[in-house]
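J.: All I have is the shape, not the residue letters:
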């Protein structure tokens, strides 16, 4: 494979798994929450990726208990935020985006998303779409459509960078091209899949993804 350049006028990033690596914290916090509720941690963890906390806990607790359950898991994750690190390549790529329209669209709540970005040393975006800003979480396209609108761009003019199956589906449903990040993205129809963002850089022609990071090239999805 050779380097790939994807034309775009703006970028929309998911947070966890794309900009920040919070996996250790996520597993620890949600496993703790599952034990609290006498649930199988593995079953709960299988439901977590790409979902808002409220949507995840609603799968396991009665409707009347959802708000309290969300407060608990959010507190657990905030208590464990210090181990969050930047995904490889992010701290090199984000400083290149000065003057470029970009935003973060996350299933996390605003307080947690901001805490993780700060813990990882990732500059905060001007536009951050969080769980509180949408009526429906991923795979619904609402978050990505709203972010593109706030950037003043058509969905076809922005690239979405996502790691989860539901997040990639959300980006595509919004009408955006999607860069899948991580091996789980190989199970999707993302336009391109990369291991991480090592070597990614913004150019006059768009986002350059180096051959060394590619897991799947353009035109080989499916």
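T.: Perfect, I can see it now. Owing to the predicted nature of the structure, the values given are computational and were not obtained by experimental measurement. Residues are numbered from 1 along each chain as shown.

J.: count of neighbours near residue 156?
T.: 12 (other C-beta atoms under 10 Å). (C-beta placed from N, C-alpha, C; glycine too.)

J.: Find the nearest non-adjacent residue to it, please.
T.: Nearest residue to residue 156, sequence neighbours excluded (C-beta to C-beta, 6 or more residues apart in numbering): residue 175, at 6.0 Å.

J.: so that neighbour touches residue 155, yeah?
T.: Yes - when contacts are counted by C-beta atoms under 8 Å, residue 175 is listed as touching residue 155 (3.6 Å).

J.: what's the overlap in contacts for these two?
T.: residue 145 (C-beta atoms under 8 Å, 6 or more residues apart in numbering).

J.: For those two, indicate the residue with more neighbours.
T.: For the pair residue 175 and residue 155, the greater number of neighbours falls to residue 155 (20 against 16), based on other C-beta under 10 Å.

J.: Need the per-residue pLDDT for that one.
T.: Residue 155 carries a pLDDT value of 97.

J.: That one reaches residue 176, doesn't it?
T.: Yes - counting by C-beta under 8 Å, residue 155 touches residue 176, with 4.8 Å between them.

J.: Give me the common contacts of these two.
T.: Contact criterion C-beta under 8 Å, 6+ apart; residues shared by residue 155 and residue 176: 144, 148.

J.: circling back to that earlier point, now do the contacts for the residue nearest to residue 156.
T.: Residue 175 makes contacts with 141, 145, 154-156, as judged by C-beta under 8 Å, 6+ apart.

J.: Could you check how far it is from residue 106?
T.: Distance of residue 175 to residue 106, given as C-beta to C-beta, to the nearest Å: 19 Å.

J.: do residue 17 as well
T.: With C-beta to C-beta as the criterion, residue 17 and residue 106 are 10 Å apart.

J.: the more surrounded of the two?
T.: Per other C-beta under 10 Å, whichever of residue 17 and residue 106 has more neighbours is residue 106, with 29 against 23.

J.: which ones are touching residue 85?
T.: 20-21, 120.

J.: Show the model's pLDDT score for the closest residue to residue 72 other than its chain neighbours.
T.: Spatial nearest neighbour of residue 72, excluding adjacent residues (C-beta to C-beta, 6+ apart): residue 33 at 6.3 Å. In this model, residue 33 is scored at 95, pLDDT.

J.: Just say helix, strand or coil for residue 198.
T.: Three-state call for residue 198 (DSSP: H, G, I helix; E, B strand; the rest coil): coil.

J.: need the contact list for it.
T.: Neighbour list for residue 198: 88-89, 210, 212-213 [criterion: C-beta under 8 Å, 6+ apart].

J.: any weak-confidence spans in this structure?
T.: Scanning the chain for pLDDT under 70 picks out 219-222.

J.: Which stretches in it count as strands?
T.: Along the chain, the stretches classed as strands by DSSP state E are 4-6, 10-13, 20-21, 85-86, 102-105, 127-129, 158-162, 177-181, 192-194, 201-203, 206-209, 214-216.

J.: And the fifth one, what's buried?
T.: To tie it back to what came earlier, the one meant is strand 102-105. The neighbour-count check on strand 102-105 (16 or more other C-beta atoms under 10 Å) flags 102-105 as buried.
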